[in-house]
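# Okay, here's the prediction I keep looking at, along with the sequence it came from:
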Amino acid sequence: MAITVNIYYTGANGTAKKFAEEMITSGVVRDIRAEEGNLRYEYFFPMDHTETVLLIDSWKDQHAIDLHHASPMMAKIKELREKYDLHMKVERYVSDEDGIPSTDRAFIKE
């Protein structure tokens, strides 16, 4: 059962994008992707919210998230969030063990 967390970081004057850039250039993103149980860690830029960055953060299970939250990585993330004065909105999703239903597959081009 994978768990995906969408985090919307919002700032002002481009600070959310600067935060994401520093997360990447400082090596924090690389280190998080190397953590046990991390499945995905990617930033996206919503077209209709120019001061927001979306992080899609996916983990194997809750135990992997708990280990991540207890890691020194969280202090680095918190420091950068505060540096750029970002606010967050969080959504959490649990994967469907049965996968995508066949009725939905008809609308997916792979």
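That came in fine, so what should we check first? Numbers count the residues shown, from 1 in each chain.

# Quick check: Glu35 touching Met73?
Yes: contact criterion C-beta atoms under 8 Å: Glu35 and Met73 qualify, at 7.3 Å. C-betas here are computed from N, CA, C, even on glycine.

# tell me the secondary structure for Glu21?
Per DSSP: H, G, I helix; E, B strand; the rest coil, the secondary structure class of Glu21 is helix.

# For Glu110, list the residues it contacts.
Neighbouring residues of Glu110 by C-beta atoms under 8 Å, 6 or more residues apart in numbering: there are none.

# From Ile100, how far off is it?
11 Å (C-beta to C-beta, to the nearest Å).

# Gly27 too?
35 Å.

# With Ala75 instead?
The gap separating Ala75 from Ile100 is 38 Å, by C-beta to C-beta.

# Repeat that for Met74.
Distance of Met74 to Ile100, given as C-beta to C-beta: 33 Å.

# give me every residue that touches Asp66.
Contact partners of Asp66, counting by C-beta under 8 Å, 6+ apart, are absent.

# Doesn't it belong to a strand?
No: per three-state DSSP, Asp66 lies outside any strand segment and is helix.

# Do you know the pLDDT at it?
Note on Asp66: pLDDT of 97.

# Neighbours of the closest residue to His63 other than its chain neighbours, how many?
Using C-beta to C-beta, 6 or more residues apart in numbering and skipping residues adjacent in sequence, the residue nearest His63 is Gly37, 7.1 Å away. Neighbourhood size, Gly37 [other C-beta atoms under 10 Å]: 17.

# If we ignore the residues flanking it in sequence, what's nearest Ile32?
Leaving aside its sequence neighbours, Ile32 sits nearest to Tyr41 (C-beta to C-beta, 6+ apart; 5.1 Å).
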